[in-house]
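# Next comes the sequence, and after it the predicted model I'd like to discuss.
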Amino acid sequence: MSGDPFVTHRSLLFTVAYEMLGSAVDAEDVVQETWLAWRRVDQGEVRDPRAFLVRAVTRKALDQMRTVARRREEYFGPWLPEPLLTSPDVAEDVALADSLSTAMLLVLETLTPTQRAVFLLHDVFDVGYEELAQAVGKTEAAVRQIAHRARTHVAERRPRGETSRADTRTALEAFQRALETGDLQGLVDILAPDVVMLGDGGGIKQALPRPILGADKVGRLLTAGLPTVVGVMSAELVQVNGWPALLVRLDGEVDSVMTMLVEEGTVSGIYTVRNPEKLSRILEVAELTR
């Protein structure tokens, strides 16, 4: 089956579905449904298997987005995308890594499902407008308009400052040192004035019930919480969604994943996922590598 187009393009299909849904679990379901659809067609009649599969996964992801809309509305506390461990080659694809980042996925959440599909497929995955029109069931002219509106919307909300993996790693290492030494000053000193801190426990694990805004409030929260975890909490630098991140353990067990948005050397976003349902894939990897 090594020559099966589905196998060849499976990684692409998963990435498209994940970027549309922000959930690896839901993306896997969509990819599985796409495989079933692929098995049902006369593959010899399919002139462009990649285009067929991308159209199929897009349509099924759009259906899934509508299905999970109510679930998102009823979600307890802030919602963050499921963290996805990624390999170094993802970081080398700058456009892909930027679109996978937690900050960018949160921006994509503000688009309509069709806008999100059109923006990702055209601007990230380089799908042409004619093929896009077939994927989302719109005319080519309509798709061009949707793409323009989506691009404008994203440009207004995406991080404006320069971001770098080196600066992100430096900020994460400051937090890592704080867990080891109890000294948070290195991190507090680089908090942006308008920094936002989000925690996602999904109502299962304790987390921030609402966003914390501003360097003073975030600094006070971190300073108050640090003494309770020094010595029992540790952090390991990993790569999540194409960017440096911290895999945080409590008493040796995986507790959370922390990512940061660092612009112009200052931390403007701190995102922590504790919801165990969103950490299931990472927990599996952690168990295999223990």
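Nice, I can see it.
# can we go C-alpha only for contacts and neighbour counts from here?
OK.
# got the contact list for the helix or strand encompassing residue 239?
Taking DSSP states H and E as the criterion, residue 239 maps to strand 233-240. Applying C-alpha atoms under 8 Å, 6 or more residues apart in numbering, the contact partners of strand 233-240 are 83-88, 172-173, 176, 179-180, 244-252, 259.
# mind redoing it with 10 Å?
Strand 233-240 is contacted from outside by 82-88, 90-91, 97, 100-102, 169, 172-173, 175-180, 226, 244-259, 282, using C-alpha atoms under 10 Å, 6 or more residues apart in numbering.
# Could the C-alpha coordinates of that strand be exported in PDB?
Output of strand 233-240 as PDB, limited to C-alpha atoms (Å, rounded to 0.1, in the frame of the first residue of the first chain):
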ATOM      1  CA  MET A 233       7.100  20.700  39.600                       C
ATOM      2  CA  SER A 234       9.700  20.400  36.700                       C
ATOM      3  CA  ALA A 235       9.700  21.400  33.100                       C
ATOM      4  CA  GLU A 236      11.300  20.100  29.900                       C
ATOM      5  CA  LEU A 237      11.800  22.000  26.700                       C
ATOM      6  CA  VAL A 238      10.000  20.400  23.800                       C
ATOM      7  CA  GLN A 239       8.600  21.500  20.500                       C
ATOM      8  CA  VAL A 240       4.900  22.000  20.300                       C
END
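# could you point out which element follows it?
As assigned by DSSP H and E, the chain's next helix or strand after strand 233-240 is strand 243-250.
# May I have the secondary structure class of residue 183?
coil (DSSP: H, G, I helix; E, B strand; the rest coil).
# can you check residue 110 too?
Applying three-state DSSP: residue 110 is coil.
# Please report the distance of it from residue 3.
38 Å (C-alpha to C-alpha, to the nearest Å).
# okay, those two: which has more neighbours?
Each of residue 110 and residue 3 has its neighbours counted (other C-alpha atoms under 10 Å); residue 110 has more, 14 against 7.
# Isn't the more buried one up against residue 154?
Yes - between residue 110 and residue 154 a contact is recorded at 8.6 Å, counting by C-alpha atoms under 10 Å.
# Mind listing the shared neighbours of those two?
By the contact definition C-alpha under 10 Å, 6+ apart, residue 110 and residue 154 are jointly contacted by residue 116.
# any idea how far residue 177 lies from residue 71?
Using C-alpha to C-alpha, residue 177 is found at 37 Å from residue 71.
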